[in-house]
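Peer 1: this is a predicted model, with the sequence first.
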Amino acid sequence: MKRHSNWLFGAAFVGASLLLAGTAAAQVSLEVMNPRGEIPPPKTLGISPRGGNLNGKKIVLVDNGKFGADNFLYVIAQIIKQKYPGATVVMEPKPSAQTITDLPKWYPTVKQQGDLFVFGVGD
Amino acid sequence: MPGVYFTTTEFLDDAKSAARDRGMPSIRMIALPADKYYRARATHEELQPIASNVFDQMVDDLVRPLTAEEAKPSQIQKQKENTNLTITGTDYQDAYQKVNDLFLESHWADGLPIVPPTPALVKKMLAATTHSPDQVLGLAAPKDGTATVEKIAVNAVMAGAKPEYFPVILAAMDGLLDKHFDLTHVQASTGSFTPVVIVNGPIAKELDFNSGIGMLGHGWRANSTVGRALRLSLLNIGQTWPAVNDMALTGRFEAYTFFTFAEDEAKSPWEPYSVSLGYKPEDSTVTVATSGTPAVLGGGAVAPWTAQGILDTVVARSGSPFFWVHSQTFVLVLHPDCAYELGKMGFTRKSLQEWLYEHTKVPYEKAALATTGFGHDSALKGIQASIDDGRIRADRVQIFKDALKPGGKIPIVQSPDDFHIFVAGGSPGYSLLFSYPGPNWANETKKISGATMTQAGR
């Protein structure tokens, strides 16, 4: 009986210690609010279907007006002409770099000029 | 129309982020090596190997059939940002540290310690205004995060702002979120553009804004924490992060608190700036503008200067870069001694604006040699485009048309009002020229309203 009592006392002591330790490890909780703005999700769209190869296609190279983009696209145009003589290259500079007010009017004019487009160089 | 988009390795995350923001996460992109492209882009010869290396990938991206996900990507879901978090620590210090660690790891903080935005502290902040917590002030670029009064209050708490500052913060955010203010450019540009925040009216004194020596520096809680509250609000509500979608290459000057100060109305020879806009003397306002590095004018305490010399320097510094006349603005902050001297010379604020407008005009022949700084646009073509696109106001169009011919003199701003003149700084002091050559408008003044803890701004 005495041994049993000692065991019970010991178990109670260990249990109390764990409880206290648990309490000591979780003494302070801070509830904080999220500072981020909620973003209305945009309607998600896929990209245009594609296939085949470049032969016979009109490729519009769109220069976004950033320094050097015209040079880069010029080199791309030369490689296209060399490797795909059946393709046609159209160079299209963006009307005014960084000016976004007139872009909705401009995008359809790009589409009218060819079958595929290459845009660059974004930064 | 099938296409492919070229960017560079340093901007790939930014480009992907922007594509996702606009609902087109599948856009095919090719990243040119940034460490090679920017040094090579001046010549065709140096670009040849870079273009050759990506050519096959470009062709493949143009013709490779779409995957199912590219053809019909999963609808982007709304992120829930309204859930409170509970952070537990062994004691307050531990919990405080954990909150700070979590917020910085989540890109919700600016790198300095923040005050944990507990609901109780946010409630105190909201009590400083009559505006409803649910009121939406606008959408913050670049991700169009919804800026409610409550979200701004959370960020104001984090910044360490006193609740009585909150109406000033709200008015400044109202300006930054105005549909005419190009926040996208300010938040995301590779340039180091930084908001300039200037308080006018009786609330400036009541809240102890610094407008004298050290006005751009530390030590004044109103200047520091109002600016920081705006910093954190833009970061969190617009959801930006350096090198992800905030691409300021060298970061931003005054990155933590912006350029935040008050006009020293008592030392100005003229009416307060806000009164010059038509506000009443008893009104309190916040003007938000944007600038790169300000030009420091005058000799301060170490060298002689003259008011005329300072004006001449303003003319010399503002004549370039001559990018976009439809949106270019200047904030000229005259130190009190200079303003006094100009007043003695007979200048009013209005006549000084007109003087600057006239003397900064650029001869047509000089403009014909300039570019906008971006690719193929000449300065003259850019101005003509501004007229054609309706970005020059109707009442100013004829002025620019008349100037765009040999012998003409082209204004560098739309009107004299685009020189915004304030008085602040030390005595002795330096004057400051904040310039914004951005592609769209970025200057607004808003009246402070709804204050409950101050006499002014109610």
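Peer 2: Perfect, I can see it now.
Peer 1: just the CA coordinates of the helix of greatest length in chain B, formatted as PDB?
Peer 2: In chain B, ranked by residue count with DSSP state H as the criterion, the top helix is helix B:44-63. What follows is helix B:44-63, C-alpha atoms only, in PDB (Å, rounded to 0.1, in the frame of the first residue of the first chain):
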ATOM      1  CA  HIS B  44      24.500  44.100 -82.800                       C
ATOM      2  CA  GLU B  45      27.900  42.300 -82.700                       C
ATOM      3  CA  GLU B  46      27.900  41.900 -79.000                       C
ATOM      4  CA  LEU B  47      24.300  40.800 -78.900                       C
ATOM      5  CA  GLN B  48      24.800  38.100 -81.600                       C
ATOM      6  CA  PRO B  49      25.900  35.300 -79.300                       C
ATOM      7  CA  ILE B  50      23.200  36.100 -76.700                       C
ATOM      8  CA  ALA B  51      20.500  36.100 -79.400                       C
ATOM      9  CA  SER B  52      21.800  32.900 -81.000                       C
ATOM     10  CA  ASN B  53      21.800  31.100 -77.600                       C
ATOM     11  CA  VAL B  54      18.100  31.700 -77.100                       C
ATOM     12  CA  PHE B  55      16.900  31.600 -80.700                       C
ATOM     13  CA  ASP B  56      15.900  27.900 -80.700                       C
ATOM     14  CA  GLN B  57      14.000  28.300 -77.400                       C
ATOM     15  CA  MET B  58      12.200  31.300 -78.900                       C
ATOM     16  CA  VAL B  59      11.100  29.400 -81.900                       C
ATOM     17  CA  ASP B  60      10.000  26.500 -79.800                       C
ATOM     18  CA  ASP B  61       8.000  28.800 -77.500                       C
ATOM     19  CA  LEU B  62       6.300  30.300 -80.600                       C
ATOM     20  CA  VAL B  63       5.200  27.000 -82.100                       C
END
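Peer 1: strands of chain A, start to end?
Peer 2: For chain A, applying DSSP state E gives strands covering A:28-32, A:58-63, A:88-93, A:116-122.
Peer 1: partners of the last one in the sheet?
Peer 2: This means strand A:116-122. strand A:58-63 (parallel), strand B:3-8 (parallel) (DSSP bridges).
Peer 1: and the contacts of stretch B:38-51?
Peer 2: With CB atoms under 8 Å, 6 or more residues apart in numbering or on different chains as the test, stretch B:38-51 has contacts from A:67-69, A:71-72, A:74-76, A:78-79, A:121, B:8, B:32-33, B:36-37. C-beta here means a position set from N, CA and C on the backbone, and glycine is covered the same way.
Peer 1: and those, which of them are buried?
Peer 2: Applying 16 or more other CB atoms under 10 Å in any protein chain shown to the contacts of stretch B:38-51, the neighbour count classes A:67-69, A:71-72, A:74-76, A:79, A:121, B:8, B:32, B:36-37 as buried.
Peer 1: so which strand or helix has B:H420?
Peer 2: According to DSSP states H and E, B:H420 maps onto strand B:419-423.
Peer 1: state the mean pLDDT of the host helix or strand of B:T445.
Peer 2: If you go by DSSP H and E, B:T445 is part of strand B:444-447. Confidence over strand B:444-447 (mean pLDDT, whole number) is 98.
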